[in-house]
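Participant: Task: produce atomic coordinates for the following.
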Amino acid sequence: MLYYFELTDYPRISRKYSVTRNTVWQITEQEHLLIFITEGYCQFTIGNETKIVEAGDIVYIPANQSYTRRSVDNTLCTMTYIHFTTLDQVSEESPANLSRHIESQKKHLDEAILRGDTTEIASRAIYVYLQTFFSAPDSEIVKESLHTLSSLSSKDHLMCPLQLSAILCNLLAHLSLMTINDITTNTNPLTAPEIPPKLRHAIAYITMHYSEPITLEDLSNHCCISKQQLIRYFNNAFHTTPLNYITNFKLSRAKELLFYHPDVSIKEIAAELGFDNQHYFSRVFMKKNGETPSQYRNRTVNFQQPELGMHQNK
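Facilitator: A predicted model of the protein is given here:
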């Protein structure tokens, strides 16, 4: 079975303990469970799914889901249980439906990255994708998370709950990535035009270095691609040149700074965006937007109407 939920708040660990059992246990918990098999093996039945798990495996059981654990050949099994809660509703999906959801989220993110829309990237929903059984993920993240959770749970101080939540978030992110990889590998995702990896690298570089002067040579060297091929990629994707894309990206950030930080001077904004000087920045802004940075700020922040003829050069 496969599940996903939107993470709108830190998950909270309510209990953590280890048990060694060879008995039958049937229960419905009101909290989510992550069960780490540390020694031996046993059998879990969750819904219509039954599987024998062994040392290294992980079992996820959503809240209010009944499950049965039983011994195999009367063998002892040692398990670490983590009970946690979230504020979000968990959805159960088939592999095909979950694949569609993952591809849809990936497509929206790719489009935002290509547009250079950092606001949308930062504000997009955070989803956790989990499967019922994880087969022995050989990961230092899992080992370190369990070790740290054990050391923190025995301490009593104000920051402990926050640290536990942060570690659990890291663990959920790791398991979610494993689920995504399994789903996208084993199902046929929606067909969508692929973004060339070199173009992804170029956009990522611009996003990280837009506060610096960026030349076409800088971009091509970073992406290990010729200038001509880079120009073709940008033309095919955006119908513009790389340098024009960089300028538009910088001006998009300029609008955010002008609106959200009205106390920051135009000179400071120009320097932050890697322009040579304030006057050059204002000329470029005027050419692209039909108004100066000051006029844009007055119009959007102070709600002043633009003067007649302001947009005639747009």
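
Participant: rest of the way, CA atoms for contacts and neighbours
Facilitator: Noted.

Participant: Thr184 and Arg100: what is the separation?
Facilitator: From Thr184 over to Arg100 the distance is 9 Å, taken as C-alpha to C-alpha, to the nearest Å.

Participant: Asn48 now?
Facilitator: Counting by C-alpha to C-alpha, the gap from Asn48 to Arg100 is 23 Å.

Participant: of those two, who's got more company?
Facilitator: Ranked by neighbour count (other C-alpha atoms under 10 Å), Asn48 and Arg100 place Arg100 first, with 19 against 7.

Participant: from the middle of its chain, how far away would the helix or strand harbouring that one be?
Facilitator: Taking DSSP states H and E as the definition, Arg100 sits inside helix 95-115. Put simply, helix 95-115 sits 12 Å off its chain's centre (C-alpha atoms, centre = their mean, to the nearest Å).

Participant: for that helix, packing partners?
Facilitator: In terms of contacts (3 or more C-alpha pairs under 8 Å, 6 or more residues apart in numbering; DSSP states H and E), helix 95-115 is packed against helix 118-123, helix 160-186, helix 197-209.

Participant: Could you export that helix as CSV, CA atoms only?
Facilitator: The C-alpha coordinates for helix 95-115 follow below in CSV (Å, rounded to 0.1, in the frame of the first residue of the first chain):
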residue,chain,number,x,y,z
PRO,A,95,0.8,3.1,-7.6
ALA,A,96,-0.6,4.6,-10.8
ASN,A,97,-2.5,7.3,-9.0
LEU,A,98,0.4,8.2,-6.7
SER,A,99,2.7,8.3,-9.8
ARG,A,100,0.3,10.8,-11.4
HIS,A,101,0.4,12.9,-8.2
ILE,A,102,4.2,12.8,-8.1
GLU,A,103,4.5,13.7,-11.7
SER,A,104,2.1,16.6,-11.4
GLN,A,105,4.0,18.0,-8.4
LYS,A,106,7.3,17.6,-10.3
LYS,A,107,5.9,19.3,-13.4
HIS,A,108,4.7,22.3,-11.4
LEU,A,109,8.1,22.6,-9.7
ASP,A,110,9.9,22.3,-13.0
GLU,A,111,7.7,25.1,-14.5
ALA,A,112,8.4,27.3,-11.5
ILE,A,113,12.1,26.7,-11.8
LEU,A,114,12.2,27.5,-15.5
ARG,A,115,10.2,30.7,-14.9
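
Participant: Can I get the strand or helix carrying Ala270 in CSV? Just the C-alpha atoms.
Facilitator: Per DSSP H and E, Ala270 falls inside helix 266-272. Presented in CSV, the C-alpha positions along helix 266-272 are these (Å, rounded to 0.1, in the frame of the first residue of the first chain):
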residue,chain,number,x,y,z
ILE,A,266,17.2,51.6,-5.1
LYS,A,267,21.0,51.8,-4.9
GLU,A,268,21.2,48.9,-2.5
ILE,A,269,18.8,46.8,-4.6
ALA,A,270,20.9,47.4,-7.7
ALA,A,271,24.0,46.3,-5.9
GLU,A,272,22.2,43.2,-4.5
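
Participant: so where's the stretch 1-150 of the chain uncertain?
Facilitator: Residue ranges of the stretch 1-150 of the chain with pLDDT under 70: 110, 113-123, 137-138.

Participant: following the helix or strand hosting Val284, which helix or strand comes up?
Facilitator: Per DSSP H and E: Val284 is located in helix 278-289. Scanning forward in sequence from helix 278-289 by DSSP H and E, the next helix or strand is helix 293-301.

Participant: okay, the angle between the helix holding Arg100 and helix 160-186?
Facilitator: If you take axes from the mean of the first three to the mean of the last three C-alpha atoms, to 10 degrees, helix 95-115 sits at 100 degrees to helix 160-186.

Participant: Over to the residue most central in space within the chain: give its phi and psi.
Facilitator: Among the residues of the chain, the one closest to the centroid is Ile126, at 6.0 Å (C-alpha atoms, centre = their mean). The phi and psi torsions at Ile126 (degrees, to the nearest 10) take the values phi -100, psi 120.

Participant: Could you measure from it over to Tyr233?
Facilitator: Counting by C-alpha to C-alpha, the gap from Ile126 to Tyr233 is 30 Å.

Participant: how long is stretch 282-297 end to end?
Facilitator: First-to-last residue span, stretch 282-297, C-alpha to C-alpha: 12 Å.

Participant: Off-centre distance for it?
Facilitator: 34 Å.

Participant: mean confidence for it?
Facilitator: The average pLDDT for stretch 282-297 rounds to 93.

Participant: got it, and stretch 263-271?
Facilitator: 92.

Participant: same thing with stretch 219-230?
Facilitator: Computed over stretch 219-230, the average pLDDT equals 91.

Participant: So which bits of it are buried?
Facilitator: 219-220, 223, 227, 230 (16 or more other C-alpha atoms under 10 Å).
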